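Novice: Below are the sequence and a predicted model for it; my questions follow.
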Amino acid sequence: MQHLLQAHRYRWSGTDNPADRHGSDVRRTLEDSLPEFDHVISLARYPNLALKWCHAPDRISAEAYPFHDLAPYARRLIDAFGAERVMWASVYTQVQQHHSWAQALHHIMDWHILSETEAEWIFGRTIRTILRWPRTPPPG
């Protein structure tokens with residue numbers, strides 16, 4: 001997969017590219033995913049490649065909510081890519097048999113591994129920046 005993303009990165013070198021790494025329908029163990037995980041970490045060297053965090057709980061976690069076994073790996077991804085290139089995503093229609101939408105949203109926050117600034121980026125600012133959406137002022 002890494003070589004495909006590298007080719008894609010060169011083809012679209014003037015754009016930002018979100019990578020959906022856990023998008024297959026195959027359920028794997030966390031241990032089986034580690035070699036691919038290391039490949040994904042190595043892709044952080046491409047400054048225009050961003051990462052969506054969405055399928056890890058249902059595809060590779062061996063634990064129930066809040067999927068604590070994933071926390072150290074999420075931290076490594078955030079450290080490698082920077083919160084400015086990591087975004088949370090929900091694929092609720094695909095995971096509703098595994099966990100609720102609220103659990104999909106809150107599991108990362110329940111790990112207590114994010115600073116306030118990292119949370120701001122991962123839960124909205126990254127995707128707004130990549131898509132060049134304006135920031136909306138808070139209500140009131």
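Specialist: Noted; the coordinates are in hand.
Novice: use CA for all of it now, contacts and neighbours both
Specialist: Fine.
Novice: Just the residues contacting the helix or strand containing residue 79, thanks.
Specialist: Using DSSP states H and E, residue 79 sits in helix 71-81. Contacting residues not belonging to helix 71-81 are listed as 41, 44-45, 50-51, 86, 108, 111, 113 [Cα atoms under 8 Å, 6 or more residues apart in numbering].
Novice: Residue 87 - that's part of a strand, no?
Specialist: Yes. Counting by DSSP: H, G, I helix; E, B strand; the rest coil, residue 87 is part of a strand.
Novice: and the residue lying closest to it once chain neighbours are set aside, how many residues sit next to it?
Specialist: Using Cα to Cα, 6 or more residues apart in numbering and skipping the chain neighbours, the partner closest in space to residue 87 is residue 122 (4.3 Å). Using other Cα atoms under 10 Å, residue 122 has 24 other residues around it.
Novice: and if you look at the one 5 residues further on?
Specialist: Using other Cα under 10 Å as the criterion, residue 127 is surrounded by 21 other residues.
Novice: what's across from the nearest residue to it once chain neighbours are set aside in the sheet?
Specialist: Nearest non-adjacent residue to residue 127, counting by Cα to Cα, 6+ apart: residue 87, 6.5 Å away. Here residue 87 shows beta-bridge partners residue 52, assigned using DSSP bridges.
Novice: Enumerate every residue touching residue 87.
Specialist: If you count contacts by Cα under 8 Å, 6+ apart, then residue 87 has 50-53, 121-124, 126-127 around it.
Novice: Out of those residues, flag the one nearest to residue 139.
Specialist: Using Cα to Cα, residue 124 comes nearest to residue 139 of the contacts of residue 87, at 16.2 Å.
Novice: List the residues that contact the closest one.
Specialist: Contacts of residue 124 were listed using Cα under 8 Å, 6+ apart, and they are 87-88.
Novice: try 10 Å this time
Specialist: Contact partners of residue 124, counting by Cα atoms under 10 Å, 6 or more residues apart in numbering, are 84, 86-89, 135.
Novice: Thanks again, I'm all set now.
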